[in-house]
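Trainee: any chance you can model this:
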Amino acid sequence: MSQQCPLLFRQVDATVTRINTLFVVIGIVGFLVSQNEVILVALIIDFLLRLYGLKQWSPITNVSLFVKKQFNLPTKMEDAGAKRLAAILGVGFVIAILVASLADVDIAVNAIAVVFLACAGLELVFGYCIACKIYHILTKLYPKGFK
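Mentor: Numbering: from 1, shown residues only. From the prediction side, this is the model:
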């Protein structure tokens, strides 16, 4: 994690977060294949539950915890700041995909989905946080806005 990541000084299990990312990726791919917007609405609701601290109600988090336990995966604690920023960006991407889909702009749906899947894939496979890089750029562009 970069020194420029937003720090909340609260820890989250990065293993569970990466499993969450896997399920979100599966959801986006499922939407792209089926064009069923209900999948996007479910993802948005799940993101919002997690962002507002209602993780116990999040189906993705509950399934991720189950998978972690079943496969006896290790716990890796990281600061929650970067993960929270990534979730905020994630819900923004999913909302943008939904809006583009409702507007019947397929090229925008596909473009937004590709960018989102690339960012999520980097986190999922390599643990590389694009949100940290975006945060770093924003603090340089708007230093007073992040103090």
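Trainee: which other helices and strands contact the lengthiest helix in the chain?
Mentor: Under DSSP state H, the helix in the chain containing the largest number of residues is helix 80-102. With contacts taken as 3 or more C-beta pairs under 8 Å, 6 or more residues apart in numbering; DSSP states H and E, helix 80-102 sits against strand 11-13, helix 14-34, helix 37-51, helix 106-126, helix 130-141. Any C-beta I mention is one placed from the backbone N, CA and C, and that applies to glycine too.
Trainee: how far is stretch 52-62 from where the chain is centred?
Mentor: 13 Å (C-alpha atoms, centre = their mean, to the nearest Å).
Trainee: mind showing which ranges of the protein have poor pLDDT?
Mentor: Applying pLDDT under 70 to the chain flags the ranges 1-8, 145-147.
Trainee: again, only using 80
Mentor: Within the chain, the set of residues satisfying pLDDT under 80 comprises 1-9, 79, 81-82, 132, 134-136, 138-139, 142-147.
Trainee: how long is stretch 98-113 end to end?
Mentor: For stretch 98-113, the separation between the terminal residues is 10 Å (C-alpha to C-alpha, to the nearest Å).
Trainee: other residues contacting the longest helix of the chain?
Mentor: Helix 80-102 is contacted from outside by 1-2, 5-8, 10-12, 14, 17, 24, 28, 31, 35, 37, 40-41, 43-44, 47-48, 50-51, 106, 108-109, 112-113, 115-116, 119-120, 123, 129-132, 134-135, using C-beta atoms under 8 Å, 6 or more residues apart in numbering.
Trainee: would you format the helices and strands packed on helix 80-102 as CSV with distance to V99 and mean neighbour count included?
Mentor: Formatted as CSV, the entries for the helices and strands packed on helix 80-102 read as follows, by distance: least, C-beta to C-beta, whole Å; neighbours: other C-beta atoms under 10 Å:
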stretch, distance to V99, mean neighbour count
strand 11-13, 29, 17
helix 14-34, 13, 18
helix 37-51, 10, 17
helix 106-126, 9, 16
helix 130-141, 20, 15
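Trainee: can you lay out the ones you listed as a markdown table showing distance to L65?
Mentor: Listed next are those as a markdown table, based on distance: least, C-beta to C-beta, whole Å:
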| stretch | distance to L65 |
| --- | --- |
| strand 11-13 | 9 |
| helix 14-34 | 6 |
| helix 37-51 | 12 |
| helix 106-126 | 17 |
| helix 130-141 | 22 |
